[in-house]
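**Q** Quick one, fold the following:
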Amino acid sequence: MRKIYIFDTTLRDGEQSPGVNLNTKEKVEIAYQLEKLGVDRIEAGFPAASPGDLAAVNAVARAVKNASVIGLSRSREQDIDAVVEALKGAQDPCIHLFLATSPIHRKHKLRMEKDQVLEAAERAIRYAKQYFSKIEFSPEDAGRTELDFLCQVTDMAIRAGATVVNIPDTVGYMNPSEYGHIFKTLKEQVPGIEKIQLSAHCHDDLGMATANALAAILNGADQIEGTINGIGERAGNTALEEVAMALATRADYFGATTSLNLKEIAKTSRLVSKLTGMVVPGNKAIVGANAFAHESGIHQDGMLKEKTTYEIISPESIGLRDSKLVLGKHSGRAAFREKLIDLGYELDDEAVNTAFAKFKDLADKKKNVMDEDIRAMLEEKLTDTPEVYSLETIEVSYSNKSVPNATIRVRTAGEAKEQSAEGNGSVDAIYNAIDALTAETVELEDYSIKSVSHGKDALGEVHVVLKQDEVSAQGRGLSTDILEASARAYIDALNRLVEKRKSPGRRDKMSLI
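**A** Numbering: from 1, shown residues only. Got it, this is the predicted structure:
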């Protein structure tokens, strides 16, 4: 298959993202990882921008051994000289020259006519040819440049000595049909086009950067420029991981491939996100947190039967361990049962149904249900104690300038009873109301709270120990609301005391729910 060269500009165009400022050490660290990923060319920065950027480009140039290192330059001799200095020590140096060619840029930014643009670009390419055997030239805003003039510019660049001509959609204006047509036209009309490589550099202002890059490949592009995670100025650039995986997944359609080590994609994405501070959106293709996560019950059922029903890419192919069946309110019984097995629980159908109902109640209250939540939910009832009392509702009124009040509604012997009480605090008010409602005289020997999982919506687990005469019993309650968990734990302990009174010699039997 035809090879597509990968030109990574994370360290240059990616660093132009608002708020991103990589130091030299960070640039070198990313460059090393890009080498592991297998990119062909690394644009390390814009040396003329500042002495610091020049030094950073030089550090990358000296560190990288297995990829060409590139410095960006305007079509000015002083910029070219800065790139010459920055790329000293590079194993395979290349300069990337650019000059705007579109009518809007010629008129408002450059204030130059077409012939002046051609002359300035040719002069820069010939000057750079004294120092570099590899030269890439970009007619900036090529997407909005007249197609006949773009053919003239490309012809000039080839004759002047460019080895790569890049066609940038600088403002993300193109659609795939238009952008692909540019490459097709250049391939057909420009003399000597076979002597150079054509490159595609797309921005994502209209959300079509990856689609445009793929359209360019279909119409003869030899190189794709982009960034890891699609970062870059404004809405960002072509996401290289998306192009690579599209080519790998749809080789039958594109008939092209890259030299990337795809299993390094996830690691590279995480490193770039960490060092730039730019969080990868959860729904981002290939590397987003949800890219291989399934919550829908229908999808989970399909995944359990055959992964390719809902995954066209395996997570292992980009360096991840496995897909995630995320348990939430949309999850089905099959995925829940599979999770129970993964956690080491073997339940019969009746027990699974009971546990699944509890899980659904929890999922309505909690955004993400963790493994710890499921374990705690299953183990909430450690015995098969009959429920003499069951909590129905709880209302608490609290202010630091008034006495806390709690109203509890409990069902017992088929009848719902309600009771209100005050206390020194909210929990004390709850327990006083329960005592009054049940007419049980007990002593609270121990009360403890712990978080079962993480986050603000974590399940709270409350343990209590109640003593009545010489008999004591422990109770356990779970809820995302710690006051509700406290009430459940107290009632659970009361039920155990009642059962112990009925069967003094009975030992608790363990069950899962």
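
**Q** so Ala216 is in which element?
**A** Per DSSP states H and E: Ala216 is located in helix 209-218.

**Q** One more: Ala56?
**A** helix 51-63.

**Q** what about the strands in the stretch 351-500 of the chain?
**A** Listed in chain order, the strands found in the stretch 351-500 of the chain under DSSP state E, counting those that start in this stretch are 390-397, 405-412, 415-422, 443-451, 460-468, 471-479.

**Q** got those as a markdown table, with distance to Ala120 and mean neighbour count columns?
**A** Every residue, glycine included, has its C-beta placed from N, CA and C. Listed next are the strands of the stretch 351-500 of the chain as a markdown table, based on distance: least, C-beta to C-beta, whole Å; neighbours: other C-beta atoms under 10 Å:
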| stretch | distance to Ala120 | mean neighbour count |
| --- | --- | --- |
| strand 390-397 | 76 | 15 |
| strand 405-412 | 81 | 20 |
| strand 415-422 | 85 | 14 |
| strand 443-451 | 65 | 12 |
| strand 460-468 | 69 | 20 |
| strand 471-479 | 71 | 20 |
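
**Q** Indicate which one of the ones you listed is closest to Ile193.
**A** strand 443-451 (64.4 Å; C-beta to C-beta).

**Q** Compute the inter-axis angle for that closest one and strand 471-479.
**A** Interaxial angle, strand 443-451 versus strand 471-479 (axes from the mean of the first three to the mean of the last three C-alpha atoms, to 10 degrees): 30 degrees.

**Q** Output the contacting helices and strands for strand 443-451.
**A** Applying 3 or more C-beta pairs under 8 Å, 6 or more residues apart in numbering; DSSP states H and E, one finds that strand 443-451 contacts strand 460-468, helix 482-502.

**Q** And the ones you listed, which one averages the lowest pLDDT?
**A** In terms of mean pLDDT, the lowest-scoring of these is strand 460-468 (a mean of 86).

**Q** Counting by contacts, list what that one packs against.
**A** For strand 460-468, the packing partners by 3+ C-beta pairs under 8 Å, 6+ apart come out as strand 443-451, strand 471-479, helix 482-502.

**Q** Compute the number of surrounding residues for Asp8.
**A** Using other C-beta atoms under 10 Å, Asp8 has 28 other residues around it.

**Q** can you give me phi and psi for it?
**A** Note on Asp8: backbone dihedrals following degrees, to the nearest 10 are phi -100, psi 130.

**Q** The closest residue to it other than its chain neighbours: how many residues sit nearby?
**A** Once flanking residues are discounted, Asp8 sits nearest to Val39: 4.4 Å by C-beta to C-beta, 6 or more residues apart in numbering. Neighbours of Val39 under the rule other C-beta under 10 Å: 31.

**Q** Next: Leu218.
**A** Using other C-beta under 10 Å, Leu218 is surrounded by 15 other residues.

**Q** Let's have the helices and strands packed on strand 443-451 in JSON lines, adding distance to Ile125.
**A** Formatted as JSON lines, those follow (distance: least, C-beta to C-beta, whole Å):
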{"stretch": "strand 460-468", "distance to Ile125": "68"}
{"stretch": "helix 482-502", "distance to Ile125": "70"}
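
**Q** circling back: with distance to Ile286 as extra columns, can I get the helices and strands packed on strand 460-468 in CSV?
**A** Shown next, in CSV, are the helices and strands packed on strand 460-468 (distance: least, C-beta to C-beta, whole Å):
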stretch, distance to Ile286
strand 443-451, 34
strand 471-479, 37
helix 482-502, 40
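
**Q** Low-confidence ranges, the stretch 401-513 of the chain, go.
**A** 452-458, 503-513 (pLDDT under 70).

**Q** ok, 90 please
**A** 401, 413-414, 445-446, 448-465, 467-482, 492-493, 496-513 (pLDDT under 90).

**Q** coming back round to it: following element in sequence after the helix holding Ala216, please.
**A** Sequence order places strand 223-226 as the next helix or strand after helix 209-218, per DSSP H and E.

**Q** Show me the contact partners of that following strand.
**A** Outside of strand 223-226, the residues within contact range by C-beta atoms under 8 Å, 6 or more residues apart in numbering are 4-9, 13, 40-41, 43, 164, 166, 168, 197-202, 209, 213, 216-217, 237-240, 243.

**Q** same check, this time on stretch 55-69
**A** Applying C-beta under 8 Å, 6+ apart, the set of residues contacting stretch 55-69 from outside is 11, 22-24, 27-28, 31-32, 34-35, 39-42, 44-45, 47, 71, 83, 85-94, 134.
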